[in-house]
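A.B. asks: Got a sequence here, can you model it:
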Amino acid sequence: MKVACYARVSSQQQAQQQTIEQQLARLRTYCQSQNWPWCEDLLFRDDGYSGASLKRPGLERLRDQVGQAEVEIVLITAPDQLTRNYVHQVLLLEELQRHGCEVHFVEHPMSQDAHDQLLLQIRGAVAEYERTLIAERLRRGRQHKFQAGLLLPWSRPLYGYRLSPDQPRDPRGVRLEESEAVQVSAIFAAYLQEGQTLRHLAQQLMAQGIPTPSGKLRWNTSSLRNILTNPAYTGTLYAGRTHAVQPRRRRSALQPVGQRTCNHATPPEDWILVGHIPPIVSAMQFEQVQAKLAHNQACATRHNNRQPYLLRALVSCGRCGHACAGRAQGRYIYYACQGTQHPVASRQDERCSARLIPAQQLDELVWRDLCALLQHPELLTIALQQAQGGAWLPQEWQARRQQIRQSTTSLQQQEERLTEAYLAGVLSLEEYRRRRQDLAQRLAAIEQQAHLLEIQLEQQRDVTALATSITAFCQRVQVGLEQATFEQRRLLVELLIDRVVVTAEEVEIRYVIPTSPRSEHLRFCHLRLDYFVALVADVVCIEWVLLTLDRNI
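C.D. replies: You can find the predicted model right below:
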């Protein structure tokens with residue numbers, strides 16, 4: 001019997017106070033009382049993670065182990081340690097039980113009795129209500145302290161300032177750090193010089209060896225913008241200048257998602273005046289900087305559309321994963337990897353070794369391949385048949401299928417060895433029955449997991465109707481391909497291509513083909529569940545890989 005134990009605390013303060021160790025001690029005592037084995041390898045903990053989110057490393061590892069049929073019992077002190085969201089609690093319990101795993105709580109152990117299940121659901125709803133109530137009280141309490149001038153809006157000192165060691169959140173204890181204040185004043189003055197930009201200013205600071213506010217050597221334009229737009233340097237301290245929102249665009253098509261939220265500016269009329277601190281720059285100089293920032297942003301080179309780039313914002317570098325931007329050199333135009341630029345622009349310490357990509361050649365190559373694909377829908381049918389055979393299943397599902405097969409084979413081999421041991425007289429009949437029943441239960445759980453996986457796969461493999469819809473779409477689009485204008489080509493490329501990845505002389509085209517009329521007017525990148533919580537796009541994603549690109553021009 002394999003028993004996994006899970007423990008969690010919400011804040012770093014609780015983690016430092018060893019409250020999670022108290023949970024583990026209770027779990028160990030409960031295991032001893034039930035004569036369950038205690039395995040350190042099956043101990044999962046999340047120190048300082050909120051129960052409102054499912055994105056916790058310990059919980060994710062636990063779910064992976066359960067999904068691989070490596071755990072039979074999950075032991076937790078209380079339901080609110082698993083999650084403080086009622087919906088999340090129902091989903092997690094259903095997921096764990098679906099994989100043949102039992103969930104036990106030390107506090108008020110639950111059974112399958114209807115009254116116990118009702119009590120469990122009520123406790124989950126109360127935990128969610130308690131979390132919401134605590135969050136609202138904290139928010140209102142912070143807002144009241146902001147308005148009373150008793151609390152700083154930041155816990156770490158702003159660049160150029162230091163906090164009181166006795167009362168670090170008291171605005172009255174803020175004092176100037178002279179060496180950093182001089183640098184802040186110099187940054188404001190340097191930016192107001194004629195022709196100065198954030199990128200050039202960051203390069204100058206790096207050349208001078210001035211460390212960033214976090215002590216690093218590489219400056220980012222975002223760090224400089226945060227300094228130049230913060231009214232605290234004029235001596236006026238505000239709270240609530242930004243608020244968290246859901247992101248509206250992908251960070252990168254080839255990089256992990258990262259944070260699920262981003263900060264947006266709050267209108268100045270909604271700011272909360274906290275108080276005043278020693279100023280570093282004058283209000284007039286600050287306003288001049290804001291005016292120049294707005295002008296430079298409107299006249300930025302990224303808004304230059306003089307050159308016709310068919311694959312604008314669709315090309316990525318296969319070496320470093322950065323996006324490629326259009327660049328003109330003389331009478332030639334290229335797609336250049338942003339990772340080859342100065343570290344300030346690329347936001348990475350080492351430059352990418354990728355070469356320039358001839359824009360005209362790449363545009364023609366991709367357009368020819370796109371036309372060939374639309375004029376021969378049978379290629380898409382072949383791709384869908386490969387998907388139906390499981391060759392294009394997601395890597396995660398292929399790994400799960402392989403794990404299920406390996407687990408089934410291992411259990412069957414154990415059952416055979418157990419039978420051989422019984423026939424050889426090594427085991428008694430009672431011991432043989434007990435062990436075989438245990439193997440049968442584990443095998444049944446794995447078979448149930450395999451059945452559920454096959455159901456999900458069948459939903460993905462239902463491509464017969466898709467082939468007909470895709471063929472009809474290709475026939476409609478074929479008309480007028482040769483006479484299409486640049487604007488029409490650009491619209492078609494945006495609809496049917498999610499990304500073009502260039503690695504050395506190889507080009508990988510990632511097509512997305514609409515499968516219903518309503519999806520013919522929406523770009524795939526706006527509906528990807530990997531990046532945002534949105535409606536599922538009615539598209540089929542196909543990777544057309546490894547076309548040769550001749551760079552000799």
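A.B. asks: In three-state terms, how would R156 be classified?
C.D. replies: Following DSSP: H, G, I helix; E, B strand; the rest coil, we place R156 in the coil state.
A.B. asks: residue contacts, it?
C.D. replies: By Cβ atoms under 8 Å, 6 or more residues apart in numbering, the contact list for R156 is empty. No exception for glycine: its C-beta is placed from N, CA and C like everyone else's.
A.B. asks: Next one: it from I280, what distance?
C.D. replies: 17 Å (Cβ to Cβ, to the nearest Å).
A.B. asks: and if you look at L151?
C.D. replies: Taking Cβ to Cβ, one finds L151 at 22 Å from I280.
A.B. asks: which of these two has more neighbours?
C.D. replies: Using other Cβ atoms under 10 Å, the more surrounded residue of L151 and I280 is I280, with 24 against 19.
A.B. asks: I'd guessed that one sits against G160; true?
C.D. replies: Yes: using Cβ atoms under 8 Å, I280 is in contact with G160, at 5.7 Å.
A.B. asks: Give me the common contacts of the two.
C.D. replies: L176, A181, V184, Y233.
A.B. asks: and the residues you listed as a markdown table, adding pLDDT?
C.D. replies: Listed next are the shared contacts of I280 and G160 as a markdown table, based on pLDDT from 0 to 100:
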| residue | pLDDT |
| --- | --- |
| L176 | 92 |
| A181 | 91 |
| V184 | 93 |
| Y233 | 94 |
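A.B. asks: now the strands for the stretch 201-350 of the chain?
C.D. replies: Remark: strands assigned in the stretch 201-350 of the chain by DSSP state E, counting those that start in this stretch are 236-239, 242-245, 262-265, 272-276, 315-317, 324-329, 332-337.
A.B. asks: Buried deepest among these, which one?
C.D. replies: strand 315-317 (a mean of 25; mean count of other Cβ atoms under 10 Å).
A.B. asks: now for it, which elements pack on it?
C.D. replies: strand 324-329, strand 497-503 (3 or more Cβ pairs under 8 Å, 6 or more residues apart in numbering; DSSP states H and E).
A.B. asks: The strands of the stretch 201-350 of the chain into CSV, with extra columns for mean pLDDT and distance to I513?
C.D. replies: Listed next are the strands of the stretch 201-350 of the chain as CSV, based on pLDDT from 0 to 100; distance: least, Cβ to Cβ, whole Å:
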stretch, mean pLDDT, distance to I513
strand 236-239, 92, 49
strand 242-245, 78, 32
strand 262-265, 78, 31
strand 272-276, 91, 50
strand 315-317, 90, 20
strand 324-329, 85, 24
strand 332-337, 89, 24
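A.B. asks: between the ones you listed, which one is nearest to R28?
C.D. replies: Nearest of these to R28, taken as Cβ to Cβ: strand 242-245 at 38.7 Å.
A.B. asks: Tabulate the CA atom coordinates of that closest one in CSV.
C.D. replies: C-alpha atoms of strand 242-245 as CSV (Å, rounded to 0.1, in the frame of the first residue of the first chain):
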residue,chain,number,x,y,z
THR,A,242,-1.8,49.7,-11.1
HIS,A,243,-4.2,46.7,-10.9
ALA,A,244,-3.9,43.1,-12.0
VAL,A,245,-5.8,42.0,-15.1
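A.B. asks: so what strands line up beside it?
C.D. replies: Applying DSSP bridges, strand 242-245 is found paired with strand 262-265 (antiparallel).
A.B. asks: how about the strands of the stretch 201-350 of the chain, which one is nearest V493?
C.D. replies: With Cβ to Cβ as the yardstick, what comes closest out of these is strand 315-317 (11.1 Å).
A.B. asks: got a list of contacts for the closest one?
C.D. replies: By Cβ under 8 Å, 6+ apart, strand 315-317 touches 252-254, 322-324, 335, 337-339, 352, 354, 357, 362, 499-503.
A.B. asks: Return the set of buried residues in stretch 188-199.
C.D. replies: F188, Y191, L198, R199 (16 or more other Cβ atoms under 10 Å).
A.B. asks: Same check on stretch 497-512?
C.D. replies: Of all the residues in stretch 497-512, those buried under the rule 16+ other Cβ under 10 Å are I497, D498, R499, V500, V501, V502, V507, E508, I509, R510, Y511, V512.
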